[in-house]
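Colleague: can't give you the sequence, but here's the structure:
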């Protein structure tokens with residue numbers, strides 16, 4: 001596949017976009033007349049961020065949120081890939097489970113979150129379970145499509161040369177299905193991040209999402225914005241790790257060479 005080089009304008013445009021956002025923020029604090037109770041000033045948010053970074057409880061909360069997201073993502077990936085592979089083994093299973101996975105993919109699973117609280121309480125277990133179920137369906141659906149759309153001619157040729165079922169599955173099907181599987185895993189990673197943080201905000205006793213909800217409920221706007229910044233940084237780190245894991249080594253080398 002042909003690799004497109006990043007335009008030299010990419011980073012300047014990103015910086016420009018950030019500058020525009022900060023400019024709108026500053027305008028809202030000044031001529032815009034937005035109350036600092038709703039939109040705190042940038043210096044006050046930076047001060048609150050520094051105060052948060054100086055407190056051990058912030059790192060404990062970040063560690064809890066990171067662990068919940070990672071656990072949910074790993075569970076969803078293992079079971080989603082296995083379910084997609086198993087469902088794609090026969091045409092009948094494919095037709096049956098494709099509809100089920102699509103339903104789970106599109107259904108508003110937030111409606112079922114109270115059941116996770118009833119089953120696991122408001123602790124870490126309910127966040128991991130809810131995040132894992134939310135991420136499971138996009139991974140399973142894309143894995144099913146990936147394995148089901150492998151060209152039959154490739155499988156026929158492999159069997160003609162005496163390939164076993166194991167060799168067919170792991171040397172033919174898996175490499176052919178990897179691009180679509182990677183897309184599903186990326187979507188699942190995003191789903192696990194969103195749902196775990198959202199679940200922490202709804203009903204929890206720890207985590208950055210809980211800290212954000214607590215600050216919002218007590219009208220501590222600067223502290224709430226500081227938590228939002230920390231969550232954005234955490235999500236960016238996690239997404240970067242997922243992209244690094246799913247990017248082939250050959251493409252990583254090309255990206256590094258392009259950067260230099």
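Modeller: Happy to help now that I have it. From a predicted model like this one, the values you see are computed outputs, not experimental measurements.
Colleague: need the longest helix for the protein.
Modeller: If you go by DSSP state H, the chain has its longest helix at helix 56-87.
Colleague: Tell me which residues of that one come out buried.
Modeller: 58, 61-62, 64-66, 68-73, 75-77, 79-81, 83-85, 87 (16 or more other CB atoms under 10 Å). C-beta coordinates here come from the backbone N, C-alpha and C atoms, glycine included.
Colleague: tell me the contacts of residue 48?
Modeller: 40, 222-223, 225-226 (CB atoms under 8 Å, 6 or more residues apart in numbering).
Colleague: residue closest to the middle of the protein?
Modeller: residue 190 (1.8 Å; CA atoms, centre = their mean).
Colleague: excluding its backbone neighbours, what's nearest it?
Modeller: residue 239 (7.4 Å; CB to CB, 6 or more residues apart in numbering).
Colleague: low-scoring stretches of the stretch 151-260 of the chain, by residue?
Modeller: Counting by pLDDT under 70, the stretch 151-260 of the chain shows low-confidence ranges at 155, 158, 160-161, 164-167, 249-260.
Colleague: any idea how far residue 28 lies from residue 22?
Modeller: 11 Å (CB to CB, to the nearest Å).
Colleague: Specify which residue of these two has the higher count of neighbours.
Modeller: residue 28 (16 against 11; other CB atoms under 10 Å).
Colleague: Can you tell me the element that one falls in?
Modeller: Here residue 28, judged by DSSP states H and E, is contained in helix 10-29.
Colleague: Surely residue 65 and residue 196 touch.
Modeller: Yes. Taking contacts as CB atoms under 8 Å, residue 65 lies within contact range of residue 196: 6.8 Å.
Colleague: which parts of whichever strand or helix holds residue 95 are buried?
Modeller: Residue 95 is part of helix 91-106, with elements assigned from DSSP H and E. Residues of helix 91-106 classed as buried: 94, 97-98, 101, 104-105 (neighbour count, 16+ other CB under 10 Å).
Colleague: sorry, back to before: shared neighbours, residue 65 and residue 196?
Modeller: Common neighbours of residue 65 and residue 196 (CB under 8 Å, 6+ apart) are residue 209.
Colleague: re the thing from before, closest one to residue 159 out of the buried residues of helix 91-106, please.
Modeller: residue 94 (19.4 Å; CB to CB).
Colleague: count of neighbours near the nearest residue to the closest one once chain neighbours are set aside?
Modeller: Nearest residue to residue 94, sequence neighbours excluded (CB to CB, 6+ apart): residue 148, at 4.9 Å. Using other CB under 10 Å, residue 148 has 22 neighbouring residues.
Colleague: Kindly report the same for the one 4 residues further on.
Modeller: Around residue 152 sit 8 other residues, with neighbours defined as other CB under 10 Å.
Colleague: Can you give me the distance of it to residue 91?
Modeller: Distance from residue 152 to residue 91, by CB to CB: 11 Å.
Colleague: now do residue 55
Modeller: 57 Å.
Colleague: again, but for residue 175
Modeller: 22 Å.
Colleague: picking up where we left off before, in helices, which of the contacts of residue 48 appear?
Modeller: 222-223, 225-226.
Colleague: Of these, just say which sits nearest to residue 13.
Modeller: Nearest to residue 13 among the ones in helices among the contacts of residue 48, with distances taken as CB to CB, is residue 225, at 24.6 Å.
Colleague: isn't that closest one right next to residue 41, touching?
Modeller: No. Using CB under 8 Å, residue 225 is not in contact with residue 41, being 10.0 Å away.
Colleague: which of the two has more neighbours?
Modeller: residue 225 (23 against 17).
Colleague: That one: what's it in contact with?
Modeller: Neighbours of residue 225 in contact, by CB under 8 Å, 6+ apart: 40, 45, 48.
Colleague: now the residues you listed in CSV, with pLDDT and distance to residue 209?
Modeller: Shown next, in CSV, are the contacts of residue 225 (pLDDT from 0 to 100; distance: CB to CB, whole Å):
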residue, pLDDT, distance to residue 209
40, 90, 20
45, 92, 18
48, 93, 17
